[in-house]
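S.K.: Structure here, sequence nowhere to be found:
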């Protein structure tokens, strides 16, 4: 009986040792390995009958993050101002004076919801994102931009508008070359990002508010460019930064009087 018990204990010890080593080798990626000798003694009737020794492996676990990422996000929330450039000038030409706007209320809003990228090292990453943005032009004059016309056309109204907003919404696709510094003592870093951006028109809108007619909304493409392209830059610390964007092609298409009329945006970015 003692012999059977001894054999059972020895088999159990070998099984435990083998399964432990197998489990460690299957689950762990190691850079350095520390080895320690362990000895088990089986005592029967006060005498040492058997002594078994084996090596146990205590690995250092290395967690490796993937360099490629793809998924949903809510980041790079841009909140700022928009400015019109008429052939390189912030002053609108006479034929574009009907687009005169209130600078403090002409805004740009945008954010990204999808991102795919590859990190080459801790300091450089390239990613392609997708999101939405809105250019909201607060018109000064009491006019209405007309729908379904061959060129950008307006009528002058005998109404004092409390709000007269002319806007365009786009799906945006920025390609980013993202540079960042080494973490400081607090674990924070500086970011600098540049790259091209394209956009596809979703819709144009006129939204008016007056005492005479209340609120009115009109939807049309209003000759906004169906395809938009330009470049941008961002710089910031932690999750807060500044951005500037400039679109190379014109704001409008198929409307000769607006040739050379472009836009630029600038402001704050939240969630770099």
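M.R.: Right, received. Where do you want to start? Here the structure is a predicted model, which is why all the values come from computation and not from measurement.

S.K.: For the helix or strand harbouring residue 265, buried residues please.
M.R.: Using DSSP states H and E, residue 265 sits in strand 261-270. Buried residues in strand 261-270, counted by 16 or more other C-beta atoms under 10 Å: 261-267, 269. (Each C-beta comes from the backbone N, C-alpha and C, glycine too.)

S.K.: Closest one to residue 111 out of those residues, please.
M.R.: residue 269 (9.5 Å; C-beta to C-beta).

S.K.: Let me know the distance separating that closest one from residue 226.
M.R.: As judged by C-beta to C-beta, to the nearest Å, residue 269 and residue 226 stand 26 Å apart.

S.K.: Likewise for residue 245?
M.R.: Counting by C-beta to C-beta, the gap from residue 245 to residue 226 is 18 Å.

S.K.: Tell me which of these two has more neighbours.
M.R.: Between residue 245 and residue 226, residue 245 has the larger neighbour count (other C-beta atoms under 10 Å), namely 23 against 12.

S.K.: OK, contacts around that one?
M.R.: Going by C-beta atoms under 8 Å, 6 or more residues apart in numbering, residue 245 touches 108, 197, 230-232, 264-266.

S.K.: just the strands in the stretch 101-250 of the chain please.
M.R.: Under the criterion DSSP state E, counting those that start in this stretch, the stretch 101-250 of the chain contains strands at 107-121, 124-138, 143-145, 154-156, 161-180, 190-210, 214-220, 227-237, 240-247.

S.K.: Of all those strands, which one comes closest to residue 68?
M.R.: Nearest of the strands of the stretch 101-250 of the chain (C-beta to C-beta): strand 107-121, 5.2 Å.

S.K.: Can you give me the buried ones in that closest one?
M.R.: For strand 107-121, by 16+ other C-beta under 10 Å, it's 107-112, 115, 117, 119.

S.K.: State the pair within those that is farthest apart.
M.R.: 107 and 119 (33.0 Å).

S.K.: neighbours around residue 229, how many?
M.R.: Residues near residue 229, counting by other C-beta under 10 Å: 13.

S.K.: ranges for the helices of the stretch 1-150 of the chain?
M.R.: 2-27 (DSSP state H, counting those that start in this stretch).

S.K.: mind showing which ranges of the chain have poor pLDDT?
M.R.: Scanning the chain for pLDDT under 70 picks out the ranges 1-65.

S.K.: domains of it?
M.R.: 2-61, 68-270 (automatic domain parsing).

S.K.: among those domains, which is the most enclosed?
M.R.: Among the domains of the chain, domain 68-270 has the highest mean neighbour count (mean count of other C-beta atoms under 10 Å), at a mean of 16.

S.K.: Now do the end-to-end distance for that domain.
M.R.: Domain 68-270 has an end-to-end distance of 23 Å (C-alpha to C-alpha, to the nearest Å).

S.K.: go on, stretch 211-229?
M.R.: Criterion C-alpha to C-alpha; first-to-last residue distance in stretch 211-229 is 39 Å.

S.K.: Find out how far it is from the centre of the chain, if you would.
M.R.: 28 Å (C-alpha atoms, centre = their mean, to the nearest Å).

S.K.: repeat for stretch 167-182
M.R.: 7 Å.

S.K.: what comes into contact with stretch 181-193?
M.R.: For stretch 181-193, using C-beta under 8 Å, 6+ apart, the contacting residues are 122-123, 176-180, 233-238, 241, 272.

S.K.: What's the end-to-end length of it?
M.R.: Termini of stretch 181-193 sit 12 Å apart (C-alpha to C-alpha).

S.K.: on that earlier part again, partner strands of the strand holding residue 265, parallel or antiparallel?
M.R.: strand 68-86 (antiparallel), strand 240-247 (antiparallel) (DSSP bridges).

S.K.: That concludes my questions; thank you for your assistance.
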